[in-house]
Each structure stands twice: as C-alpha cells, then as structure tokens.
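Visitor: Provide a 3D model corresponding to the input given below.
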Amino acid sequence: MGSRRFAIVSIFAFSCLINILMLTGPIYMLQVYDRVMTSASVPTLIALSIIVLVLYAYYGLLEALRSRIMVRLGRAFEESIRNRVFDVVATASLKKLPMAAGSQPLQDMSTIRGFLSGTGPTAFLDMPWVIIYMGVAYILHPWLGFSGVAAAIAILIVAIMTEASSRKPITDAAIASAKANAMTDEARRGSEAMFALGMKGIMRNRWARVQQEAMDSSTRANDVSGGFGSLSRVIRLAVQSGILGLGAYLAINQQITPGAIIAGSIIISRGLSPIETAVANWQQFLAARKALGRLDAALAAIPPDPEPMKLPPPKGLLEVENLIVFAPGSDKAVLQGLTFTVHPGEALGVIGPTGAGKSTLARVLVGIIDPQRGSVRLDGATHDQRNPDELGRAMGYLPQDVQIFDGTVAQNISRFAETPDPVKIVEAAKMANIHELIMKLPNGYDTQLGENGSRLSMGQRQRLALSRALFGDPAILVMDEPNSALDAEGEAALDRAIRATLTRGASVVIVAHRPSALQAVHDILVLNDGKQAAYGKRDEILKRVTQPQRQQQRGEGGMQTTAMITPPVPETRN
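Guide: Down below sits the predicted model:
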C-alpha cells in the first residue's frame, strides 16, 4: 500500500513538472522573436537553444517515467484483486448466481487495467492545468485567454454530448457481448451433442444474432464517439488558426509582440490538448467505468470468506440434521427434513428415483450447496467453520459429471498440488486401477490430457476422477453415480477402493442407481421427492425396495421397470 501511495504521489508530481516544462516551447519562441531577432545576438540564441534542449530531455524523461508508473499501477490494480475476482467467478458459477455471467468479472478487470495503463488517466491528470495555460494566455492578452476558455468550453460540451449519446449503445454492446461469450462457451462444452444431433447450424444462427446485436451496438457507440471526436479536433484546429489570426490582428494594432502570436497559439493548443485527449479516450473511460460498476457489484454480492480458526483434521464423522435445501431462486424444497449419521469406517448408500434429490444431497455434503435450514457437520463442525481449501483436501468427491482439467495426469490426480508426493499419486492411481493404463500413455503420468481429458474415454476419465478423489487419504469420500461409465473391471476396482477407504477409517457416501456400487455400504438412505422415505441397514432396505419391484414385474409379465418404489411411510434407522 505504501509503494502504491508513493507511485500516485509521484504521478501527480511528474504531471506538475511535465506541464510546467511544456511552457518551454512558447517561452523559447517568445524570446527568439522578441529578443534574439531584434538584437541579432547569436550567442543568446545558442544559449537559449541549449537550455531548451536540456529542458526537453528532462521533459521526455519525466513523460517516460510517468507512463511506466501508470502501466505498473494498472498491473498493481489487477494483482491486488485478481484472486478475489477469480473466487467470485468460481463461486458465481458454482452457485449459479446471475451477477457474474461467465468470465465477465475477469474481462472487466482487464478493461480497467487497460484503461489505467493508457493515456486516458494522464489526460485527466493534466486537465487542471488547462486553467493555468489559459491564465498564461490571458497574461499575453485578455482576448487570447478568453478565446482559449471559449474553445475549452466548446470541447467540454462535445465530451458531455459524447457521453450522453454513447451511454446506451455501450451498455447494450457490453450486455450482448457477454451473452455471446456465454453462448460460445456453451457451444464449446456441448460440441459433441451439437454435431451429433444436427444442431450446429441452429446454434450458430442463435450465436450470430446475439453477436450481431453486440456489433450493431458497438458500431453505434463508435460512430458517436468518432463523430464527436472529429468535431473536437475540428474545433481545436479552428482555434489554432483563429488564435494566429487574432494574434496577428492584435500585433498589427501593436497590442502584442510578434513573438506573443506564436507563443499564444502554442500555449492555447497545449491547454486544449488534455481535453481533446480525454474526448478521444472517452469511450474507453465509459467502458472502464461500466466495468468498475459491474465488478464492484460482483465483489459486493460475493463477499470474501472470513478466515475461520484452524481446526484439527477431521476423522470422518458426518452428521446431517433436519436438512432443508431450496432450489435456486425458488421456494420449493429440493431436500427436506433429512437426518442421518455416517460414522468413520462406515458407508452410506443413497438411492431413489430420478429427481429425488440424490445429487443435490451429494453437493450439500461436500459444501458446494449451502443448506437453508438444518446442518451438515464433519466431526462436529459445520462446513463454514473450516477453511474451504482445507475442507476440500479432507474430502474426496466424485461428481456425476466428471470434469478433468487441462494438465498432466499427475496434476489432475494430485489436485494440482504445488509439491505433490509422487508415491501418493501412484497409490491413488493403483487404488482406482488406472496405473497400468497411465503407464501406457505417451509420457506416463506427465502426459498432457487436454481440455476435459480429451485423450481419455469416458470410463477412463471416471477412473481418473476416482483416483483424484482418493488422493491424500480424505476423511470422507462422496461419490455420485461412480460406476455409471465403468465396465466390470472398473466396478471391481471401485469396490476395492471403497473397501480400502473404509478399512483406513474414513466414511463413504455413495449415490447410485446400480446395486453393484452398494456392495460395501452398511446403511442405505432412500429418497423420494426430496424426503427421507427409508433409512436403515442395507440388506433390509434393499429387500423392502426390491420386493414391490418383483411383484410389479410379475404383474406385467416379467417386464422390467426402473422405477424406484419406496415405502409409503418414512422409516427410521433400525
């Protein structure tokens, strides 16, 4: 903070010196025309020229230093908030919050940094010197000062008109551009289904319409800014010529000297320069201001997590009490009234029909979704009482939709740890029965997988994600449909991994449709419409659930059904 404050003070000091040194040219011209020309003194001309060259060199040094400091201030701004912005983007995506669509906060941060590093801020820093330059012109002659002030007011009016006229198209362009970027990301993620189902042309047309809206709005904004920018330049050129004409008139009437003609023209031109630069950068200024507003709103909507007191590593006792979770933006409960306990060394299976809330429960257990009521406790502490990263390292999570990150196999298994233990990486891979497959890859554990593990099949990605969940011996392992893409060999490896996890004393929660994933579980929780329909020992619950299914199959001539039939009255654990 101290270095940043010093940099800001230095910029203001350099701006003052730069603007003072900019008077060098007018003063030199005044001396040459009014003193050297009349005295015909060559030594005086040489001395004045040397002084001017030294002052110009000093001016160039200060200008370069100011530019370098502005670039570094822009960098410092981004460095100071980039971690928070990344957290906001990740959290907003996780919780499906609307205030940070896609990577918009990251783009806003770059927009602000680009503006701070450009010429726009220096124009605003030089703006107060307009009054001083006009005052110097007034000293040469009042009419020169008044003419400069009138020109400055005219250019300021142009700037105000620019802002008023371009505000809406710039806003519309930003909204449409963000929507187009979101559609691009969506098409990229769903490219396989888009091509397979013949949706490419339709999706392209949808994207093109939104992109066209963004371009149309941007074109309107550029047309407005370009038109008013040209008008401001015309005013400045007209003022320059008008000042020369006015100076000539005053000189003819012997009210100023010939040198004052040139000096007055240069001074007024320099005085109007910051205004014209500000008008030229007005669109960037408006974009940066909009970006700052959006960024402030996103940061305010997702405050930083307070740093909780460090707790001992959890042992794996998972307690859920009267859990109630609502759908985002709705008052409908997805989960309601769930209460159960998973002790270290025990496994809980969660079953139920589609839409019963099983995946939502898995997300709540690992802290992705916050409950509206009730509590989820790990070794007695709710998730918000632990540091999120420390909580994540104590958990193993295998989601239904597996996401592999762009990196090496080892990085994905070790969760991109900065200094991972190679022994633990190999152990996790062997537990998931993927070590031999990894060794057959071109570079083994150092093989780059590409975006979302494009080099691997769906089953291989799931087994790699399983090894990632097992890495670091987590105290609790939560898996959502862990065998959905596994073959018989993969299912056998999954069962061995679950049993090994239980043997070392961790707790396991498995969400599954296929009974083969539930061989090692102790208890089963049956969900139906978000409610706890049954909860008890595995064999007893499966027997009570499968009996109605067999009766229904016999009644339908042996036809299979996948509907989960649950007891009509909620049960408690035996």
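Visitor: only C-alpha atoms for contact and neighbour calcs from this point on.
Guide: Fine.
Visitor: which residues does M203 contact?
Guide: A187, M194 (CA atoms under 8 Å, 6 or more residues apart in numbering).
Visitor: quick one: which helix or strand includes it?
Guide: Here M203, judged by DSSP states H and E, is contained in helix 200-252.
Visitor: What's the first helix or strand after that helix?
Guide: From helix 200-252, the next helix or strand downstream (DSSP H and E) is helix 258-280.
Visitor: what about the strands in the stretch 301-450 of the chain?
Guide: Counting by DSSP state E, counting those that start in this stretch, the stretch 301-450 of the chain has strands at residues 318-326, 333-342, 347-351, 373-378, 381-382, 395-398.
Visitor: Dump the ones you listed to CSV, plus mean pLDDT, distance to G148 and mean neighbour count.
Guide: Shown next, in CSV, are these (pLDDT from 0 to 100; distance: least, CA to CA, whole Å; neighbours: other CA atoms under 10 Å):
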stretch, mean pLDDT, distance to G148, mean neighbour count
strand 318-326, 91, 65, 19
strand 333-342, 90, 68, 19
strand 347-351, 91, 79, 26
strand 373-378, 91, 68, 20
strand 381-382, 90, 68, 16
strand 395-398, 91, 69, 25
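Visitor: So for this protein, the centremost residue is which one?
Guide: L106 (3.6 Å; CA atoms, centre = their mean).
Visitor: roughly how far apart are it and A300?
Guide: 15 Å (CA to CA, to the nearest Å).
Visitor: export stretch 268-278 as PDB, just CAs?
Guide: Extracted in PDB, the C-alpha atoms of stretch 268-278 (Å, rounded to 0.1, in the frame of the first residue of the first chain):
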ATOM      1  CA  ILE A 268      -3.600  27.500 -26.000                       C
ATOM      2  CA  SER A 269      -3.000  24.400 -28.200                       C
ATOM      3  CA  ARG A 270      -1.300  22.800 -25.200                       C
ATOM      4  CA  GLY A 271      -4.100  23.800 -22.900                       C
ATOM      5  CA  LEU A 272      -6.700  22.200 -25.100                       C
ATOM      6  CA  SER A 273      -4.700  19.000 -25.600                       C
ATOM      7  CA  PRO A 274      -5.800  17.300 -22.400                       C
ATOM      8  CA  ILE A 275      -9.400  18.000 -23.200                       C
ATOM      9  CA  GLU A 276      -9.100  16.600 -26.700                       C
ATOM     10  CA  THR A 277      -7.200  13.500 -25.400                       C
ATOM     11  CA  ALA A 278     -10.000  13.000 -22.900                       C
END
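Visitor: quick one on the thing from earlier: nearest to L502, out of the strands of the stretch 301-450 of the chain?
Guide: strand 347-351 (7.3 Å; CA to CA).
Visitor: what does that closest one contact?
Guide: By CA under 8 Å, 6+ apart, the list of residues contacting strand 347-351 reads 342, 358, 502, 507-513, 518, 520-527, 538.
Visitor: 6 Å - rerun?
Guide: Contact partners of strand 347-351, identified using CA atoms under 6 Å, 6 or more residues apart in numbering, comprise S507, V508, V509, I510, V511, A512, V521, H522, D523, I524, L525, V526.
Visitor: out of those, which are buried?
Guide: S507, V508, V509, I510, V511, A512, V521, H522, D523, I524, L525, V526 (16 or more other CA atoms under 10 Å).
Visitor: For the stretch 401-550 of the chain, which segments are assigned as helices?
Guide: For the stretch 401-550 of the chain, applying DSSP state H, counting those that start in this stretch gives helices covering 409-413, 422-431, 435-439, 458-470, 488-503, 538-555.
Visitor: Distance of the spatially closest residue to S103 that is not a sequence neighbour relative to I302?
Guide: Leaving aside its sequence neighbours, S103 sits nearest to V89 (CA to CA, 6 or more residues apart in numbering; 6.4 Å). For V89, the distance to I302 equals 9 Å [CA to CA].
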